[in-house]
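Enquirer: Got a predicted model here, sequence first, then my questions.
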Amino acid sequence: MQYCRASRHSRLAAAVFAAAMLVSAVAHAAPHRPAEDGVVLERLSPATVALRSLRGESAALKTEAKLVDALAAARRYVELGRTHSDPRAYGYAQAALGTWWSSDHAPPELLVMRARILQFRHDFGGALAQIEAALKADPLNPEAWLLFASIEQVRGNVRASRMACLKLIPLADPLIGTTCAASTAALGGHAQQGERVLAAVLARPTAGSNSERAWAWTTLAEMRERLGDAAGAESAFRQALALAPDDVYGRAAYADLLLDLDRPRDVRLLLGVDPAQADATLLRAALAAKRIGDADAPLLLASLAERFAEARARGDETHLREQARFALELDHDSASALDLARRNFAVQREPADARVLLESALAAGDRQAAAPALDWLRDTGVDAPRLRGLAGQLAKEMRR
């Protein structure tokens with residue numbers, strides 16, 4: 001079943017890649033010259049600029065390309081897609097693999113690459129099937145264990161994530177193993193211990209890359225934020241963004257902290273005014289702009305609404321959390337927000353997912369709809385005073 005699904009994805013990615021090549025050909029055709037040289041014809045997002053710089057490499061790859069070359073190109077696209085949260089990059093990554101995407105004879109490194117692409121699409125079951133096959137062939141593959149832990153953490157399976165982190169620790173750089181273990185420990189009710197251990201490891205020299213160190217600092221920041229240490233969280237976010245200034249996840253998470261601290265102007269300074277930025281950061285920029293009453297708030301809201309409508313038309317449900325927040329906080333449609341938040345929580349169960357479900361249920365006056373998040377809070381024992389406060393509000397509202 002997995003390879004049938006992969007084959008369908010392969011055909012889709014090939015079509016996307018071909019369409020992108022066609023668009024490129026049109027874009028590079030002789031344009032209509034404006035009356036003045038200073039006229040701006042198009043503003044490109046950083047992700048688009050980076051994608052264009054890599055596109056020639058993938059176009060040069062043939063179906064008979066060596067696997068090592070195809071994987072190298074796919075890896076560059078996946079890293080770009082992760083940094084900028086851009087789905088196009090993952091389509092290019094799949095296209096770069098060519099016929100290797102659906103090959104029945106796949107070495108572990110190819111299986112892990114397939115899993116990364118499927119993970120981004122929230123096909124977690126498909127991704128885990130690829131990882132399990134990779135680990136069967138190579139039980140000491142650190143990349144596979146880390147990805148396994150990450151997916152199970154997103155799915156709310158703390159015990160499975162912890163087991164994978166324990167497998168990872170002796171195989172990876174101490175920073176990687178510790179970040180994995182600390183993050184999982186925090187979701188299992190041991191945030192203070194996890195925070196202390198991770199902070200101590202971050203103070204030591206490491207062979208980790210900038211992106212890996214940024215991930216560790218962002219993880220530490222989120223743990224501190226959930227524990228109510230706003231100053232410590234902000235310091236860690238700044239460390240992370242100094243290492244990876246373009247990281248969309250880190251910038252969005254830092255913006256959430258600033259919004260909770262009622263500092264929307266700082267959010268605007270952090271995220272800028274570009275309406276072409278990623279969905280996650282555009283949402284936070286729009287929330288800040290609306291709170292301040294900035295003149296471009298209607299433009300940002302309209303851009304978001306258009307993007308989310310296009311995503312629904314495509315059947316794309318990778319950003320349901322952001323869509324739920326848009327419906328709740330900007331569109332003030334609690335019923336739609338609750339529907340989106342419930343669907344999102346059925347797929348991924350992290351603290352931010354629980355928060356939007358609890359807030360939407362509270363706004364809609366529907367405690368029963370929040371049951372999955374309440375069960376998750378009870379079962380995991382996660383240290384998150386804000387979430388527990390929301391759960392208490394729901395219980396209080398329902399007693400009235």
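Expert: Sure thing, it's come through.

Enquirer: moving C-terminal of the helix or strand harbouring A164, what's the next helix or strand?
Expert: Applying DSSP states H and E as the criterion places A164 in helix 158-168. Going down the chain from helix 158-168, the next helix or strand is helix 174-187, by DSSP H and E.

Enquirer: Which residue ranges of the stretch 151-300 of the chain form helices?
Expert: 158-168, 174-187, 191-202, 210-226, 230-243, 248-260, 264-271, 279-292, 297-314 (DSSP state H, counting those that start in this stretch).

Enquirer: most neighbours per residue, which of those helices?
Expert: helix 174-187 (a mean of 24; mean count of other Cβ atoms under 10 Å). The way it works is simple: take the backbone N, C-alpha and C, and place the C-beta from them, glycine included.

Enquirer: Can you list the buried residues in stretch 386-395?
Expert: 387, 390-391, 394 (16 or more other Cβ atoms under 10 Å).

Enquirer: Looking at these, which two lie furthest apart in space?
Expert: Across the buried residues of stretch 386-395, the longest distance by Cβ to Cβ is 10.8 Å; it joins L387 and L394.

Enquirer: Tell me the residues that contact both of these two, please.
Expert: L358 (Cβ atoms under 8 Å, 6 or more residues apart in numbering).

Enquirer: Which one of the helices of the stretch 151-300 of the chain lies nearest to A373?
Expert: Of all the helices of the stretch 151-300 of the chain, it is helix 174-187 that lies closest to A373, at 13.5 Å by Cβ to Cβ.

Enquirer: CA atoms of that closest one as CSV?
Expert: Taking Å, rounded to 0.1, in the frame of the first residue of the first chain, the C-alpha atoms of helix 174-187 are listed here in CSV:
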residue,chain,number,x,y,z
PRO,A,174,25.1,14.8,22.9
LEU,A,175,23.2,18.0,21.9
ILE,A,176,20.9,16.1,19.6
GLY,A,177,20.2,13.2,21.9
THR,A,178,19.7,15.6,24.9
THR,A,179,17.3,17.9,23.0
CYS,A,180,15.3,14.9,21.9
ALA,A,181,15.1,13.5,25.4
ALA,A,182,14.5,16.8,27.2
SER,A,183,11.7,17.7,24.8
THR,A,184,9.9,14.4,25.4
ALA,A,185,10.5,14.6,29.1
ALA,A,186,8.8,18.0,29.2
LEU,A,187,5.7,16.5,27.5
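
Enquirer: what helices or strands is that helix leaning on?
Expert: Secondary-structure packing of helix 174-187 (3 or more Cβ pairs under 8 Å, 6 or more residues apart in numbering; DSSP states H and E): helix 142-154, helix 158-168, helix 191-202, helix 210-226.

Enquirer: Next, format those helices as TSV and append mean pLDDT and distance to R321.
Expert: As requested, the helices and strands packed on helix 174-187 are exported to TSV (pLDDT from 0 to 100; distance: least, Cβ to Cβ, whole Å):
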stretch	mean pLDDT	distance to R321
helix 142-154	97	11
helix 158-168	96	19
helix 191-202	96	21
helix 210-226	97	15
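
Enquirer: Just put those in CSV and tack on distance to E79.
Expert: Shown next, in CSV, are the helices and strands packed on helix 174-187 (distance: least, Cβ to Cβ, whole Å):
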stretch, distance to E79
helix 142-154, 13
helix 158-168, 20
helix 191-202, 22
helix 210-226, 7
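
Enquirer: ok, how many other residues are close to G189?
Expert: Each residue near G189 was counted by other Cβ atoms under 10 Å, and the total is 15.

Enquirer: show me where pLDDT drops low in the stretch 1-150 of the chain?
Expert: Along the stretch 1-150 of the chain, segments meeting pLDDT under 70 span 1-65.

Enquirer: coming back round to it: among the helices of the stretch 151-300 of the chain, which comes closest to D366?
Expert: Proximity to D366 (Cβ to Cβ) singles out helix 297-314 among the helices of the stretch 151-300 of the chain, at 22.2 Å.

Enquirer: can you list contacts of whichever helix or strand comes after that closest one?
Expert: The element immediately downstream of helix 297-314 (helix or strand, assigned by DSSP H and E) is helix 320-325. Residues from elsewhere that reach helix 320-325, judged by Cβ under 8 Å, 6+ apart: 279-280, 283, 287, 308, 311, 337-338, 340-341, 343-344, 347-348, 352-353, 356-357, 360.
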